[in-house]
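# Below: sequence and its predicted model.
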Amino acid sequence: MTIARCAWVNLANPLYVRYHDEEWGVPCHDETQLFELLNLEGAQAGLSWSTILNKRESYREAFDQWDAEKIARYDTQKVAALLANPGIVRNRLKVAATITNAQAYLRLRDEIGGLDPFLWAYVDGKPILNTRESTWDTPAKTELSDRLSKDLAKRGFKFVGSTIVYAYMQAIGMVNDHARDCHLHKTSPKKKQTGR
């Protein structure tokens, strides 16, 4: 029996299937994973999500397992090494944005405890469960992603336009947009704590 999934899933890529089945739309409260996905969504701008998923492990290695304190201190030598690393998207603006985001994240963490309390306050701690007839009914952005995007930008985060932020909200389960015919519609498997 074929398992019904959202139409955007690349069934030929096991990483893509696993991401859809185990991660996308599942509420995430892990600070490291929240920081990782924020940066990966920004890195994806202009590219396919398959490209990013295929490079995800390389990103983890290149960016010190998404340790924001280390990333915030990257110097020009480290940036040069990143821009020479074929395992990641070698875009100077995106690499610089990740460093800036680490610095902004540390300020946010010191101020209110991190991305988890900051993000989930926007939805009163509960995911928005949408009813989409199909993947194609899903908006690129919403009024909520507009507000969150502006707030992140005001706090110094980069590559956080409303469209990127809405995709991020879906990725971390703030919004569950599984299509009505998907086997995960309005349900989510229990998330592994490591997100690996």
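Everything's here; your move.

# Output the below-cut-off pLDDT ranges for the protein.
Within the chain, the segments meeting pLDDT under 70 span 134-135, 187-196.

# how far is the longest helix along it from where the chain is centred?
Longest helix in the chain by number of residues, with DSSP state H as the criterion: helix 92-112. Centre-to-centre, helix 92-112 and its host chain are 14 Å apart (C-alpha atoms, centre = their mean, to the nearest Å).

# for stretch 43-63, same thing?
11 Å.

# Extract the C-alpha trace of it and format it as PDB.
C-alpha atoms of stretch 43-63 as PDB (Å, rounded to 0.1, in the frame of the first residue of the first chain):
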ATOM      1  CA  ALA A  43      20.600  29.200   2.800                       C
ATOM      2  CA  GLN A  44      17.800  27.700   0.700                       C
ATOM      3  CA  ALA A  45      16.700  31.000  -0.700                       C
ATOM      4  CA  GLY A  46      16.800  30.700  -4.500                       C
ATOM      5  CA  LEU A  47      17.700  27.000  -4.400                       C
ATOM      6  CA  SER A  48      15.700  23.700  -3.900                       C
ATOM      7  CA  TRP A  49      15.200  22.200  -0.500                       C
ATOM      8  CA  SER A  50      16.700  19.000  -1.800                       C
ATOM      9  CA  THR A  51      20.000  20.900  -2.300                       C
ATOM     10  CA  ILE A  52      20.000  21.900   1.300                       C
ATOM     11  CA  LEU A  53      18.900  18.500   2.700                       C
ATOM     12  CA  ASN A  54      21.700  16.800   0.700                       C
ATOM     13  CA  LYS A  55      24.200  19.200   2.300                       C
ATOM     14  CA  ARG A  56      22.700  19.200   5.800                       C
ATOM     15  CA  GLU A  57      25.400  17.000   7.300                       C
ATOM     16  CA  SER A  58      28.100  19.000   5.700                       C
ATOM     17  CA  TYR A  59      26.600  22.100   7.100                       C
ATOM     18  CA  ARG A  60      26.600  20.600  10.600                       C
ATOM     19  CA  GLU A  61      30.300  19.800  10.300                       C
ATOM     20  CA  ALA A  62      31.200  23.100   8.700                       C
ATOM     21  CA  PHE A  63      29.300  25.200  11.200                       C
END
